[in-house]
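S.K.: please find the sequence and the predicted model below.
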Amino acid sequence: MSSLFLEELKKAMRLRGYSLKTEKTYLLWIVKYIRFIKNRHPAEVPHTEITRFLTHLAADRHYSAGTQKVALNALSFLYQKHLKIELGELGFTLAHKRRYLPTVLTPQEVKLILEELSGRNKLIIALLYGSGLRVGECLRLRVQDVDLDNLSLTVHDGKGRKDRRTILSSNLVAPLKAAIDSGIKLQQKDVKQNVGCALPPALARKYPSAWKTPAWAWLFPSTGWCNHPIDGTLCRYHLHETAVRKFLRIAVNSAGINYKRVNCHTFRHSFATAMIASGVDIRSVQEMLGHNDVKTTQIYTHVLGEHFAGTRSPVDQVLEIPDVYNIVSLQLAEIGT
């Protein structure tokens, strides 16, 4: 399939306001599908090829239900929104999505990890845990998103293209002030060389001088310049997520926490669990996390075990009886002698 076809798909997704992350993911699955159908044009193959491709992902490649759904959404966009071909009933059922409990860290474990970090890296992880941010949301923070007076953060264009506000720890005011000063100084240095912070192209056209304004400076800028992923303009982007994953992995290993699977999102789970455990209303936690449905937030009550709070384990009643186990072990010891 020609690159011209893929460029047309890109334009179609941008016309509909899809995020760059969604665009990249959809293109990945569409390319995999085109390779699966031997580089034929998708409009020229029967719909049964879609079912065969999805079945291949489930039966042969053992992809999870979530991954299968992403692939199906990508192909749905390709056919129904781009090629204007209705798919109808495909006769394919997604694999059952298992329910799982997220991994959470105790406050002491978070403290051990933070003690292995310093400066910018420590601030990033502290924000993930202290404000319940996704790593991408944290790295996209700009100077204007931080309200030090009211101790709050504004998250723009979060998951589902939503804005929200969340809390900010008073203990992070000082390091945030330092990050703000550093970000503005770097921006001013870039401006002298006619380079600015990356902005959405439409916003850059509407506010031509925004790239010079301190309010738009990144809190966590990248170390170098790059070309804007949409219009190719030379700019400074924010720090990449892979940099966070690298230093976090080192910190977790140094802290000796090798009995849990810890990633950036673990701190968001830990934030939610800590908030609910401290008595914060679940609706408030839902708003801070940006969940559409409170049922998504309720998973953290299961992590805490609140759904069976006050229920006693049967073994508690057994252990209230005189310690039979010690008596039996003493008798066995006597027999052995």
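M.R.: Looks like it came in fine. Residues are numbered from 1 along each chain as shown.

S.K.: run a quick neighbour tally on the residue nearest to Gly290 when sequence neighbours are not counted.
M.R.: Leaving aside its chain neighbours, Gly290 sits nearest to Arg164 (4.6 Å; criterion: Cβ to Cβ, 6 or more residues apart in numbering). Using the backbone N, CA and C atoms, a C-beta is placed for each residue, glycine as well. By other Cβ atoms under 10 Å, the residues close to Arg164 number 17.

S.K.: beta partners for Arg164?
M.R.: Val155 (DSSP bridges).

S.K.: check contacts around it.
M.R.: Thr154, Val155, Gly158, Glu287, Met288, Gly290 (Cβ atoms under 8 Å, 6 or more residues apart in numbering).

S.K.: of these, buried ones?
M.R.: Val155, Gly158, Met288, Gly290 (16 or more other Cβ atoms under 10 Å).

S.K.: CSV for these, including secondary structure, pLDDT and distance to Ala65?
M.R.: Listed next are those as CSV, based on DSSP: H, G, I helix; E, B strand; the rest coil; pLDDT from 0 to 100; distance: Cβ to Cβ, whole Å:
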residue, secondary structure, pLDDT, distance to Ala65
Val155, strand, 93, 28
Gly158, coil, 78, 24
Met288, helix, 89, 28
Gly290, coil, 86, 23
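
S.K.: centroid residue for the protein?
M.R.: Centroid-nearest residue in the chain: Arg134, 4.5 Å away (criterion: Cα atoms, centre = their mean).

S.K.: confidence score at that one?
M.R.: Confidence at Arg134, expressed as pLDDT, is 93.

S.K.: surely it is in contact with Arg268?
M.R.: Yes: the criterion here is Cβ atoms under 8 Å, and Arg134 meets it with Arg268 at 6.2 Å.

S.K.: and the gap between the closest residue to Gly196 other than its chain neighbours and Ala217?
M.R.: Of all residues not flanking Gly196 in the chain, Trp211 sits nearest, at 2.8 Å (Cβ to Cβ, 6+ apart). Noted for Trp211: a distance of 10 Å to Ala217, by Cβ to Cβ, to the nearest Å.

S.K.: where do the contact lists of these two overlap?
M.R.: Shared contacts of Trp211 and Ala217, counting by Cβ under 8 Å, 6+ apart, come down to Cys197.

S.K.: compare those two (neighbour count), which wins?
M.R.: Taking other Cβ under 10 Å, Trp211 and Ala217 do not tie; Ala217 has more neighbours (27 against 22).

S.K.: ok, now which ones touch the more buried one?
M.R.: By Cβ under 8 Å, 6+ apart, the contact list for Ala217 reads Arg142, Val143, Ile180, Gly183, Ile184, Leu186, Gln187, Cys197.

S.K.: what secondary structure does the residue nearest to Gly196 sit in?
M.R.: helix (DSSP: H, G, I helix; E, B strand; the rest coil).

S.K.: number the residues from 698 up from this point.
M.R.: All set: I'll call the first residue 698, so the last point we hit is now Trp908.

S.K.: in PyMOL, how would I select the buried members of the contacts of Ala914?
M.R.: In PyMOL, a selection of the buried entries from these looks like this (16+ other Cβ under 10 Å):
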select buried, resi 839+840+877+880+881+883+884+894
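
S.K.: which members of the contacts of Ala914 occur in helices, if any?
M.R.: Ile877, Gly880, Ile881, Leu883, Gln884 (DSSP state H).

S.K.: which one of the residues you listed is nearest to Val977?
M.R.: Using Cβ to Cβ, the shortest approach to Val977 within the ones in helices among the contacts of Ala914 belongs to Ile877, at 27.6 Å.

S.K.: list the contacts for the closest one?
M.R.: Val840, Val843, Ala914, Leu916.

S.K.: and Ile927, by the same measure?
M.R.: Arg711, Leu717, Pro897, Pro898.

S.K.: just give the nearest non-adjacent residue to the third one, would you?
M.R.: This points to Pro897. Using Cβ to Cβ, 6+ apart and skipping the chain neighbours, the partner closest in space to Pro897 is Ile927 (7.8 Å).

S.K.: A helix includes the one you found, no?
M.R.: No: assigned with three-state DSSP, Ile927 falls outside any helix and is coil.

S.K.: report pLDDT for it.
M.R.: On the pLDDT scale, Ile927 is placed at 81.

S.K.: same check on Arg902?
M.R.: Note for Arg902: predicted pLDDT of 84.

S.K.: got the contact list for the host helix or strand of it?
M.R.: Here Arg902, judged by DSSP states H and E, is contained in helix 898-903. Here helix 898-903 makes contact (Cβ under 8 Å, 6+ apart) with Ala907, Trp908, His925, Ile927, Asp928, Thr930.

S.K.: tell me which residues touch the nearest residue to Gln885 once chain neighbours are set aside, please.
M.R.: Among residues not flanking Gln885 along the chain, Pro911 sits closest, at 7.9 Å (Cβ to Cβ, 6+ apart). Neighbouring residues of Pro911 by Cβ under 8 Å, 6+ apart: Val840, Ile881, Gln884, Gln885.

S.K.: I appreciate the help and will end here.
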